[in-house]
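> No sequence on hand, only this structure:
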């Protein structure tokens, strides 16, 4: 535990944490009610008439749950700061544990959300290919592009997480 006692750093950390928690809470509220859906990555090219569809509503609610978890995570960060500032190891440990648990929950939820979306997309692609076999090449290219992006992401994560540890940084 780090006990700096720096009021300025504590205040800045508190302001940033509260602002992030408020932002995530507002986003969760708006997404849950089907608003601001264009701000979801990859959703800005959806035609206007499709925003009222059940699929968009479902997407908004799924992303809203992730925002609620992120809000909880941001709200626990000040506990770490106060614990360190006050020299209270219990508060510091509780904050770190809650923040870590909410981080794991957020990552797990996002992975599950993407797995479910991938299954839905694959089913839709299979239906498209069954209806129109000429679309099979486009579907194959889309699937290949997804694989390439995943490989690039894995290489990037390896370079960011593993390589520095191997280099002793």
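Thanks, I have it. Please read these numbers as outputs of a predicted model, since none were measured by experiment.

> Return the distance of the one helix or strand residue 141 maps to from the chain's centre.
Element membership for residue 141 (DSSP states H and E) is helix 136-157. For helix 136-157, the separation from the chain centroid amounts to 20 Å (computed by Cα atoms, centre = their mean, to the nearest Å).

> Give me the contact list for it.
When contacts are defined by Cβ atoms under 8 Å, 6 or more residues apart in numbering, helix 136-157 is touched by residues 125, 128, 129. Placement of C-beta: from N, CA and C, glycine included.

> Now for the chain, the helix or strand with the poorest mean pLDDT.
Least confident element among the helices and strands of the chain, by mean pLDDT, DSSP states H and E: helix 163-167 (a mean of 80).

> just how off-centre is that one within its chain?
Worked out by Cα atoms, centre = their mean, helix 163-167 lies 26 Å from the chain centre.

> same check, this time on stretch 46-54
23 Å.

> That one: which residues count as buried?
Within stretch 46-54, the residues that count as buried by 16 or more other Cβ atoms under 10 Å are 46, 51.

> swap in stretch 134-141?
Buried residues in stretch 134-141 (16+ other Cβ under 10 Å): residue 139.

> Now the buried members of the contacts of helix 136-157.
Using 16+ other Cβ under 10 Å, the buried members of the contacts of helix 136-157 are 125, 129.

> Turn the contacts of helix 136-157 into CSV, columns for pLDDT and distance to residue 95.
Shown next, in CSV, are these (pLDDT from 0 to 100; distance: Cβ to Cβ, whole Å):
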residue, pLDDT, distance to residue 95
125, 84, 44
128, 82, 48
129, 83, 51
